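Undergrad: 3D model of this:
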Amino acid sequence: QAVVGKEFFGLRDFYSLIKMMYWISQTTGNCLTMNQLQHCVMRNFGGKADVSTTIKLFMKGIQIDWLRPEQCTADIENYECTLHGLIKSSLQTKDTSWHGENRYLLFLTENYSALRILLQTDLLDHDPLVLFGSNFPQDINYTQVCRNINQIKFCMDTGRTVILLNLEHLYASLYDVLNQYYMTLSNARYVDLGLQSHRIKCRV
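TA: Purely as a prediction, here's the structure:
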């Protein structure tokens, strides 16, 4: 009997793919190329081991006359499908991205190799804050959670990149942040941060 892996993709990933395809078409004023479609699929479904099957599925579902062949090397450079190119595109800010704001990037790895890739390459423009966590009692008590949330809040205020490692116990406090549930007040964006029963608003 075949072993079925845990599925972590959903409608949010599909909707993000559709929006990304729309943004490319709107930005270029043309139909998507095969390379652009592959870039979009890998950006949103790249965590699947059989992502090539997913790409073929979308290519089969889209009418062939919607896709056009690559026109020049600039198209391939702007929509890289390499691991480095996909990560770099996903880490672009709202001001530098061709499609507006990115979703937060989730690395699923068996060790800390992803951290080394991020810190030793040109993927990050600024010096990031790296927060480590563990299951030790002192790391998950309320005082330490408050310290971590305060550091994250400061980075959100200043626009500094934050990398979270082994901090699953913080995700409940960062629920609105990770889901990008922003509210706009006086031309500024705010998001709720949770500390047990307390909620505080933070500018982003």
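
Undergrad: Next, Asp192: secondary structure please.
TA: strand (DSSP: H, G, I helix; E, B strand; the rest coil).

Undergrad: my guess is Ile149 contacts Asp192, does it?
TA: No. When contacts are counted by CB atoms under 8 Å, Ile149 is not listed as touching Asp192 (11.5 Å). Any C-beta I mention is one placed from the backbone N, CA and C, and that applies to glycine too.

Undergrad: higher neighbour count, those two?
TA: Ile149 (19 against 16; other CB atoms under 10 Å).

Undergrad: Identify the residues contacting the host helix or strand of that one?
TA: Ile149 is part of helix 142-158 when elements are defined by DSSP states H and E. Among residues not part of helix 142-158, those counted as contacts by CB atoms under 8 Å, 6 or more residues apart in numbering are 129, 131, 133, 138, 160-162, 167, 169-170, 173-174, 177, 191, 193, 195-196, 200, 202-204.

Undergrad: What is the subsequent helix or strand relative to the helix-or-strand element of the chain with minimal mean pLDDT?
TA: When each helix and strand of the chain is scored by mean pLDDT, DSSP states H and E, helix 73-78 comes last, with a mean of 52. Sequence-wise, the next helix or strand beyond helix 73-78 is helix 83-90, with elements assigned using DSSP H and E.
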